[in-house]
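*Asks:* Mind looking at a prediction? Sequence and model below.
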Protein chains: 2
Amino acid sequence: MLELYQLEELVAFSEAGTISKAAEMVGVSQPAFSRAMKLLEEELDVTLFNRTSNTIAFTETGRIAAEYARNITDSVKKAKDGIKAFDRSLKTILIGSVAPAPLWRVSSYLSTIFADKTIAADLKNEDELIDGMKKGSYRFVITTKAVNAPLLSSVHLCEENLFFVLPEKHRLSGKSAVCAKELDGENFLLFEHIGFWKRRAEMLLPNSKFFVQSDRMAFETLVKNSTLSSFGSDLAYEKEDGKAIIKILDDLAHVDFFITGQRSENKILSDIVRAFPSLRS
Amino acid sequence: MLELYQLEELVAFSEAGTISKAAEMVGVSQPAFSRAMKLLEEELDVTLFNRTSNTIAFTETGRIAAEYARNITDSVKKAKDGIKAFDRSLKTILIGSVAPAPLWRVSSYLSTIFADKTIAADLKNEDELIDGMKKGSYRFVITTKAVNAPLLSSVHLCEENLFFVLPEKHRLSGKSAVCAKELDGENFLLFEHIGFWKRRAEMLLPNSKFFVQSDRMAFETLVKNSTLSSFGSDLAYEKEDGKAIIKILDDLAHVDFFITGQRSENKILSDIVRAFPSLRS
DNA sequence: GTAAGTTACGAGCGACGTAAAAATG
DNA sequence: CATTTTTACGTCGCTCGTAACTTAC
């Protein structure tokens, strides 16, 4: 019987060129390796090596055989990985979203419904998500537009409104609502992983500088202890002492989220929407 | 370590549907099979089967895994066959020819030159042979035209002339040469494996009927014991008592053969041509 | 003498089959 | 009760590593 270890050793020999190196490479002794190759030749009833008393080298057939062997060992590796990945995908519900805030509540809800599964999330841009949803990579995606596709169904999930978080001594901290351009040119602290909101902020405040922080803890500490302005939203709101919350009047500061799934999961979709308001991340 | 026998058993299960049948199919005991599948699951760290106390069936992952496994076992089989075939091809000189007669002498010569190799021959039509030669499937090909290709070289090998073999009481048996149309409409015995000569005979004698024999012995016996006419050629000539040999004047009864090989084998080609006249099959 | 490969030999892992048990219809 | 799968156990084969041998540079 042809054995996988023989094919792996054959491949190793094709890379190492000598039995001793190849044996070391795969972690067996030289004699074991030598025997394995001899058995392989017997098994195939073919001469794979030209031997002299103390050298060994591929015959033409040997080279061909090593190519076949490499294909097979590669396939085996891919099979292992593929099977494990597939199995994992069965145990995982993958959600895609253009922004993190609605994701939190949706994940939290789904983990109560699918207690035996892992909820995983991807932050991607709108087009990638819709493509991924159509291909079946995602169970649900959260986007800013409803998706129109044969087997999918989209429902309105929630809205999110961006607001300014200003230090109390800021000249506008007394107002309840402003236009973004009133603050354009000022500096802002910005948390990095906020999806499309980052681009929106740049469009609202084209002349401002943003100090981007990718670490959540560091970001929050900075907001608390600096006099820089930053952003908040009504979906991810934590009242801070010494900070004023100011509505932004521009359209760009408002967004509607839609959640999309297979048409057959309509019921789950409406459950999510119904539960959404009462959920906390 | 993942083992091939496990993959084969997995494939067998996917065909049989139960462990007992699958075990019988691959020729191991039921318990051995059951253990192998359990070890496979452990190895991959994945659930491949849904088990009840006395049933077992694939999970989705199991089905996927079986597909991977089938690919691999097929690859292994192809690899075995491919390696053996390649090795055999190294030990074989394959000649292609449009007709058998020149082949006999060429084979006989090559087998003295390459005493350690097997000489194999293919009877194919001209185009297939030239294609095959260009692709490297043939070591030499014998055709009726010189081949013009970059790395190949062709030389004139010999000529062959078809003649009628007529019973002595045939009305034309006294003549030394005739035109084919003088016999058109008469019946002929024809040996099947004579390459392009079959088509030539049909063109020379469009109104004749041919009694085709594929068995050599039967053909020769028929020729000897019937009063039917048949064909012979100056390359494959065996004088028969009671038969007259009549030249055919038509151009179609004459052919020149060229032998083609890699340019680098020029010397062998000229050796073949030089030796050809003195060779007997 | 060093480095390559092969031969010889004893040890241990693991895959096997037989036998028996458990569960279902 | 027949069929299917699993558990238990002893056996045998196969691959392993160590050690000793051969040959070349």
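*Replies:* That came in fine, so what should we check first? Residues are numbered from 1 along each chain as shown, chains lettered A, B, ... in the order given.
*Asks:* Number of residues surrounding the residue of the stretch 101-250 of chain A found nearest DNA strand D?
*Replies:* Going by C-beta to the nearest atom of the strand, DNA strand D is nearest to A:Asp116 of the stretch 101-250 of chain A, at 21.7 Å. The C-beta positions use only the backbone N, C-alpha and C, and glycine is treated the same way. Neighbour count of A:Asp116, defined by other C-beta atoms under 10 Å in any protein chain shown: 5.
*Asks:* Show me the shaky parts of chain A.
*Replies:* Low-confidence segments of chain A, defined by pLDDT under 70, are located at A:280-281.
*Asks:* which residue sits closest to the residue nearest to the spatial centre of it in space, ignoring its chain neighbours?
*Replies:* The centre of chain A sits closest to A:Asp122, judged by C-alpha atoms, centre = their mean, with a distance of 4.6 Å. Excluding its sequence neighbours, the residue lying closest to A:Asp122 (C-beta to C-beta, 6 or more residues apart in numbering or on different chains) is A:Gly96, at 4.5 Å.
*Asks:* wait, that neighbour sits on A:Lys124?
*Replies:* Yes - with contacts defined as C-beta atoms under 8 Å, A:Gly96 counts as touching A:Lys124 at a distance of 5.5 Å.
*Asks:* which residues are in contact with both of these two?
*Replies:* Common contacts of A:Gly96 and A:Lys124 (C-beta atoms under 8 Å, 6 or more residues apart in numbering or on different chains): A:Gly132.
*Asks:* Can you pick out the residue with more neighbours from those two?
*Replies:* Legend: neighbour count by other C-beta under 10 Å for A:Gly96 and A:Lys124, higher for A:Gly96 (26 against 18).
*Asks:* Quick check: residues of chain A near DNA strand C?
*Replies:* Residues of chain A lying close to DNA strand C (C-beta under 7 Å from any atom of the strand) are A:18-21, A:30-31, A:34-35, A:37-38, A:49, A:51, A:54-56.
*Asks:* since we're on A:Ser137, how many residues are nearby?
*Replies:* 15.
*Asks:* Correction: the previous question concerned A:Arg63.
*Replies:* By the criterion of other C-beta under 10 Å, A:Arg63 has 13 neighbours.
*Asks:* likewise A:Asp241?
*Replies:* Every residue meeting other C-beta under 10 Å relative to A:Asp241 is counted, giving 6.
*Asks:* A:Leu205 too?
*Replies:* Using other C-beta under 10 Å, A:Leu205 is surrounded by 21 other residues.
*Asks:* now A:Arg200
*Replies:* Neighbour number of A:Arg200 under other C-beta under 10 Å is 21.
*Asks:* quick one: it from A:Pro277, how far?
*Replies:* 23 Å (C-beta to C-beta, to the nearest Å).
*Asks:* all strands of chain A, in order?
*Replies:* Counting by DSSP state E, chain A has strands at residues A:49-51, A:56-58, A:92-97, A:118-123, A:140-143, A:152-167, A:177-178, A:187-191, A:209-213, A:230-233, A:243-248, A:254-262.
*Asks:* Could you check the second one and say which residues are buried?
*Replies:* Just to be clear, that refers to strand A:56-58. A:Ile56, A:Phe58 (16 or more other C-beta atoms under 10 Å in any protein chain shown).
*Asks:* For that strand, enumerate the helices and strands it packs against.
*Replies:* strand A:49-51 (3 or more C-beta pairs under 8 Å, 6 or more residues apart in numbering or on different chains; DSSP states H and E).
*Asks:* mind listing which of the residues of chain A next to DNA strand C are in helices?
*Replies:* Applying DSSP state H to these, the entries found in helices are A:Ile19, A:Ser20, A:Lys21, A:Gln30, A:Pro31, A:Ser34, A:Arg35, A:Met37, A:Lys38.
*Asks:* How about the contacts made by the second one?
*Replies:* Taking C-beta under 8 Å, 6+ apart as the contact definition, A:Ser20 lies against A:Gln30.
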